[in-house]
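Participant: compute the structure for the input listed below.
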Amino acid sequence: MPEHIVPPKIYLVICGILLVLTFVTWGVALIDLGPWNIVVALSIAFCKATLVALFFMHVRYSPRRTQLVVVAGIFWLGIMILLTMSDYLTRPWLTS
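Facilitator: Alright, predicted model coming up:
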């Protein structure tokens with residue numbers, strides 16, 4: 001199976017984007033957005049994790065089966081978060 005060669009320029013661009021997103025995370029942490037702080041922080045973290053997985057872990061250039069495994073893992077994580085939040089939000093002594 002031929003291996004895909006990624007030019008170093010792509011890695012440098014992605015590294016630059018990750019550094020910018022890190023500074024954006026730091027800047028947003030200094031601003032009080034109320035309940036939206038966690039949403040913004042997790043959105044930026046999701047973008048950074050996606051870039052790392054796609055380019056540094058070579059998921060973008062992997063076979064479809066590998067991409068399916070990654071998507072299934074993200075789907076399973078979503079199920080676990082949903083179940084955890086449904087348990088947390090139904091406890092009356094925590095929500096009052």
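Participant: just the strands in the chain please.
Facilitator: When secondary structure is read from DSSP state E, the chain shows no strands.
Participant: any weak-confidence spans in this structure?
Facilitator: Along the chain, segments meeting pLDDT under 70 span 1, 94-96.
Participant: can you list the domains in it?
Facilitator: Domain assignment for the chain by automatic domain parsing gives 1-62, 63-96.
Participant: got CSV for those, with mean neighbour count too?
Facilitator: (Glycine included, C-beta is placed from N, CA and C.) As requested, the domains of the chain are arranged in CSV below (neighbours: other Cβ atoms under 10 Å):
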stretch, mean neighbour count
domain 1-62, 12
domain 63-96, 10
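Participant: ok, residues contacting stretch 25-44?
Facilitator: Residues outside stretch 25-44 that contact it (Cβ atoms under 8 Å, 6 or more residues apart in numbering) are 21, 24, 45.
Participant: could you check how far Thr84 is from Val40?
Facilitator: Computed with Cβ to Cβ, to the nearest Å, the distance linking Thr84 and Val40 is 21 Å.
Participant: and if you look at Ile79?
Facilitator: 24 Å.
Participant: next: Cys15.
Facilitator: 22 Å.
Participant: equivalent analysis for Met85, please.
Facilitator: For Met85 relative to Val40 (Cβ to Cβ), the value is 18 Å.
Participant: repeat that for Phe75.
Facilitator: Distance, Phe75 to Val40, using Cβ to Cβ: 23 Å.
Participant: do the same with Tyr61
Facilitator: Separation of Tyr61 from Val40 (Cβ to Cβ) stands at 30 Å.
Participant: how about Leu21: what's its closest non-neighbour residue?
Facilitator: Lys48 (5.2 Å; Cβ to Cβ, 6 or more residues apart in numbering).
Participant: so that neighbour touches Leu18, yeah?
Facilitator: Yes. Using Cβ atoms under 8 Å, Lys48 is in contact with Leu18, at 5.8 Å.
Participant: now do the same contact list for the residue nearest to Leu21.
Facilitator: Per Cβ under 8 Å, 6+ apart, neighbours of Lys48: 18, 21-22.
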